[in-house]
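Undergrad: no FASTA, just this:
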């Protein structure tokens, strides 16, 4: 059990507030949206902000505010799925490689080195393009590539924890290896892993929005921030607000998660910080 002194930092409090706000918006989207985000009203296309449409309408007469609200749900939902799947792969791999060592560690690290030789986003883009444009294929592409960096980070944590005195004492007392891994190593690595995860959500949100903007992620008419940016490209000079609002939503969401992650990192009082295990995206 550990205590995180998160709220001693002003930036962390601000980040936590922003993240909580976006989560609440996503959860209560049906009650917060003033209208159906998919409903087309061509007679109201490109309307300016009004009481009926607080942020105006897009080129198909759809409510921009409603699409932003539902886009929050879409972006956060898929970002958390990517994070869960990536850690479901990287945690067992990192634990196994770091704890067992030897030939297994060497083999896993060489596979990871090969995958890390390519920029993760470019490789994800290539996989998503081969599988076809859809959010499901985009999630598969992210999960297939992004686990490598996390696995290496987790392996570094395990190697450091494995050399601690209490681990050696547990082995000497005859504790089963599985119990050592789950009760001692994994629990002690949980806090740095949580910090790492919180700092990476913003990157995942940006990547999903970017590939959706390119047409490889969510497909129209799904309300999603990247799609909204793509739809509004043709109107950047005449209706710049159509790009401004989804752009601000992405910026605030990424800022919130980055501030939260930085606050969690600063709350670390261990001798080793996440920065030591940083890896290239």
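TA: All right, it came through fine. This structure is a prediction, so every number in the text was calculated from the model and none was measured.

Undergrad: and what about the residue positioned nearest the centre of the chain, helix, strand or coil?
TA: The centre of the chain sits closest to residue 201, judged by C-alpha atoms, centre = their mean, with a distance of 2.6 Å. Using DSSP: H, G, I helix; E, B strand; the rest coil, the three-state assignment for residue 201 comes out as helix.

Undergrad: what helix or strand is the nearest residue to it once chain neighbours are set aside on?
TA: Closest residue to residue 201 apart from its sequence neighbours, by C-beta to C-beta, 6 or more residues apart in numbering: residue 257 at 4.3 Å. Backbone N, C-alpha and C define where each C-beta goes, glycine included. Using DSSP states H and E, residue 257 sits in helix 241-266.

Undergrad: with residue 75 instead?
TA: Assessed by DSSP H and E, residue 75 sits inside helix 64-100.

Undergrad: next SSE downstream of that helix?
TA: Helices and strands here follow DSSP H and E; after helix 64-100, the next one along the chain is helix 102-116.

Undergrad: what angle do that next one and helix 64-100 make?
TA: For helix 102-116 against helix 64-100, the angle by axes from the mean of the first three to the mean of the last three C-alpha atoms, to 10 degrees is 150 degrees.

Undergrad: now do helix 102-116, average pLDDT.
TA: Across helix 102-116, the average pLDDT comes to 88.

Undergrad: mind giving me the packing neighbours of that helix?
TA: Other helices and strands packing on helix 102-116, by 3 or more C-beta pairs under 8 Å, 6 or more residues apart in numbering; DSSP states H and E, are helix 64-100, helix 135-162.

Undergrad: which elements pack onto the last one?
TA: Here helix 135-162 touches helix 64-100, helix 102-116, helix 120-131, helix 187-213, going by 3+ C-beta pairs under 8 Å, 6+ apart.

Undergrad: now the terminal residues of stretch 30-41, how far apart.
TA: End-to-end span of stretch 30-41 (C-alpha to C-alpha, to the nearest Å): 19 Å.

Undergrad: which other residues reach that stretch?
TA: Contacts of stretch 30-41 with the rest of the structure, by C-beta atoms under 8 Å, 6 or more residues apart in numbering, involve 25, 52-54, 57, 60-63, 65-67, 69-70, 221, 223.

Undergrad: buried set for it?
TA: Residues of stretch 30-41 classed as buried by neighbour count (16 or more other C-beta atoms under 10 Å): 33, 37, 41.

Undergrad: can you check stretch 178-190 too?
TA: Going by neighbour count (16+ other C-beta under 10 Å), the buried part of stretch 178-190 is 180, 181, 184, 185, 186, 188, 189.

Undergrad: quick check: the gap between the last one and residue 251.
TA: This points to residue 189. Using C-beta to C-beta, to the nearest Å, residue 189 is found at 32 Å from residue 251.

Undergrad: kindly report the same for the first one.
TA: Taken as C-beta to C-beta, the spacing of residue 180 relative to residue 251 amounts to 44 Å.

Undergrad: can you check the second one too?
TA: To residue 251, residue 181 is 40 Å away according to C-beta to C-beta.

Undergrad: ditto for the third one
TA: Distance of residue 184 to residue 251, given as C-beta to C-beta: 41 Å.
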